[in-house]
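In: Attaching a predicted model along with its sequence, questions to come.
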Amino acid sequence: MTTPPAPAGASDLSRDECWHLLQGQVIGRLAVVVEDHPEIFPVNYAVDNGSLLFRTAEGTKLYGSLNNTPVAFEVDGYDPHTEQAWSVVLRGRAEQLKPATGLADARALPLEPWQPGRKEHLVRIYALSLSGRRFRVTRPDLWSTPLGDARRASFE
């Protein structure tokens, strides 16, 4: 799948830039297809050897990741110092780790779920495509933008 060129005011990120940005975050959104409709889940993750890993329990997220359909993973951020936002999308296939597929090595990664409960299943997403964009954020209307909006910090 080819990503269309970035619109005016945006720039495409290189594959290396995308991996660098993914490594700098700990939570993103996993998109899977379950029973012919999309589902999106926030997950914390780790980058490992050109792939992403996350822990999960039994349920829709695990089933959707492993049901032989492609998955997508998205993470984004904003830098108030540069007034730039970015977004990275990884599309790929997921595989549950077993002892023969690097389970022991993956358990050594700093990958602790934020939500309580047993998350016994480790899933690796192999990247089939990776793309990202960076763009300058327009000045927010300071009077109507919520105080918690990250964009305010760079304009105040």
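Out: That came through fine.
In: List the pairing partners of the lengthiest strand in the chain within its sheet, with orientation.
Out: Counting residues, the longest strand found in the chain (DSSP state E) is strand 121-136. Here strand 121-136 is paired, per DSSP bridges, with strand 10-12 (antiparallel), strand 51-56 (antiparallel), strand 84-96 (antiparallel).
In: Buried deepest among the ones you listed, which one?
Out: With neighbours defined as mean count of other C-beta atoms under 10 Å, the strands paired with strand 121-136 peak in mean count at strand 51-56, which reaches a mean of 22. For glycine as for every other residue, the C-beta is placed from the backbone atoms N, C-alpha and C.
In: Can you list the neighbours in contact with it?
Out: The contact list for strand 51-56 (C-beta atoms under 8 Å, 6 or more residues apart in numbering) reads 22, 30, 43-47, 62, 65, 73, 90, 92, 97, 106, 109, 111, 113, 119-127.
In: Try it again at 6 Å.
Out: The contact list for strand 51-56 (C-beta atoms under 6 Å, 6 or more residues apart in numbering) reads 43, 45-46, 62, 73, 106, 111, 113, 119, 121-126.
In: helix or strand right after that strand?
Out: Using DSSP states H and E, the helix or strand that directly follows strand 51-56 along the chain is helix 60-65.
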